[in-house]
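**Q** Quick one: sequence and predicted model below, then my questions.
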Amino acid sequence: LVLGRKAYKGSLQRIHLTTNEIGDVAATDLIESLKGYGNLVELNLGGNSVGAKACVAIKELLSSPKSKLRDLNLQNNDIDDEGIAILTRAFADNTTLKDVDLGLNSDVTPSGWLQFFTCLRSPSSSIELLDL
């Protein structure tokens, strides 16, 4: 997958990298390279050892005015309370994200989930389907 080529920036809509164990650093690099892809609507990074560093990159991707991301799958990763706090801020301010899967992130404590649920009360949040 060549992400730096302009020919693909207008047409890339979906990325599915489920269960590839790419890790937090590689996931961060991938997410950061997606900022110019205005047609990207689905990103599936389930089962890839994604952690807090990649959550920061996701927050930045979602805060881009060009972002049209609607579906985000981060299930079965290494997201903990720090990562969920970062995602909470990202989801609260995003108006395009509709479907989010955060299931099987066992490092998130009940306290972290309680903090996360605040994003659902935000008037800006557009989440319609949430899988925990």
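**A** Okay, I see it.
**Q** Please identify the buried residues of stretch 83-101?
**A** By neighbour count on 16 or more other CB atoms under 10 Å, the buried set for stretch 83-101 is 83-92, 94, 97, 100-101. (Each C-beta comes from the backbone N, C-alpha and C, glycine too.)
**Q** what's that stretch in contact with?
**A** Contacts of stretch 83-101 with the rest of the structure, by CB atoms under 8 Å, 6 or more residues apart in numbering, involve 46, 50-52, 54-56, 58-59, 62-63, 67-75, 79, 102, 105, 108, 112-113, 115-116, 118-119, 122, 124-131.
**Q** where does this protein have low pLDDT?
**A** Scanning the chain for pLDDT under 70 picks out 1-10.
**Q** Please enumerate the helices of it.
**A** With DSSP state H as the criterion, the chain has helices at 6-9, 23-33, 52-63, 81-93, 110-116.
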